[in-house]
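**Student:** Pasted the sequence and its predicted model underneath.
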Amino acid sequence: MGGILAVAAGQITAETMVFIALTALFVVMTFVGIFAMKSDNEKAKKGKWRTKEATLFLIAFFMGGVGTTIGMQKYRHKTNHLYFRYGMPALAVLNVLTLVAAAKKAKKIALTGDFGVI
């Protein structure tokens, strides 16, 4: 069984739940990353209190790397800083690789049918 039927039948694995949670976190944090870069860019233009660089990197580390990278390029913000220019895309790759690894683990268990049921 797959998808919704597996959930209804109680055959969803911990690995699948981890993948679902990571995917949801990835989507939310992507939007948070874009918004954080936009917000910080607007604050910089207005001379207001700024978002700490460490906060931007934390957002990127916790599955928001794609969003911060998109925001950085879209709003031309922090692109002159080498640690942002290379650090944010590196974290984006790490985020995507984490999702791919979780998907492979969940898929492997789903394909073998080993749901851990005794």
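**Tutor:** Nice, I can see it.

**Student:** Could you list the buried residues of whichever strand or helix holds G71?
**Tutor:** For G71, the host element (DSSP states H and E) is helix 65-74. Neighbour-count burial for helix 65-74 flags G65, V66, G67, T68, T69, I70, G71, M72 (criterion: 16 or more other Cβ atoms under 10 Å). All C-beta atoms are positioned from the backbone trio N, CA, C, and that covers glycine.

**Student:** which strands and helices sit next to it?
**Tutor:** Applying 3 or more Cβ pairs under 8 Å, 6 or more residues apart in numbering; DSSP states H and E, we find helix 65-74 packed against helix 14-46, helix 53-59, helix 82-112.

**Student:** For it, what is the distance to the chain centroid?
**Tutor:** 11 Å (Cα atoms, centre = their mean, to the nearest Å).

**Student:** How about stretch 34-49?
**Tutor:** 21 Å.

**Student:** CA atoms of it as CSV?
**Tutor:** Only the C-alpha atoms of stretch 34-49 are listed here, as CSV (Å, rounded to 0.1, in the frame of the first residue of the first chain):
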residue,chain,number,x,y,z
ILE,A,34,13.1,34.6,1.5
PHE,A,35,11.2,36.9,3.8
ALA,A,36,14.2,37.3,6.1
MET,A,37,16.4,38.5,3.3
LYS,A,38,13.7,40.8,2.0
SER,A,39,13.0,42.3,5.4
ASP,A,40,16.7,42.8,6.2
ASN,A,41,17.3,44.4,2.8
GLU,A,42,14.4,46.8,3.4
LYS,A,43,15.7,47.6,6.9
ALA,A,44,19.2,48.3,5.5
LYS,A,45,17.8,50.8,2.9
LYS,A,46,15.9,52.6,5.7
GLY,A,47,18.8,52.6,8.1
LYS,A,48,16.8,50.6,10.7
TRP,A,49,17.8,47.9,13.2
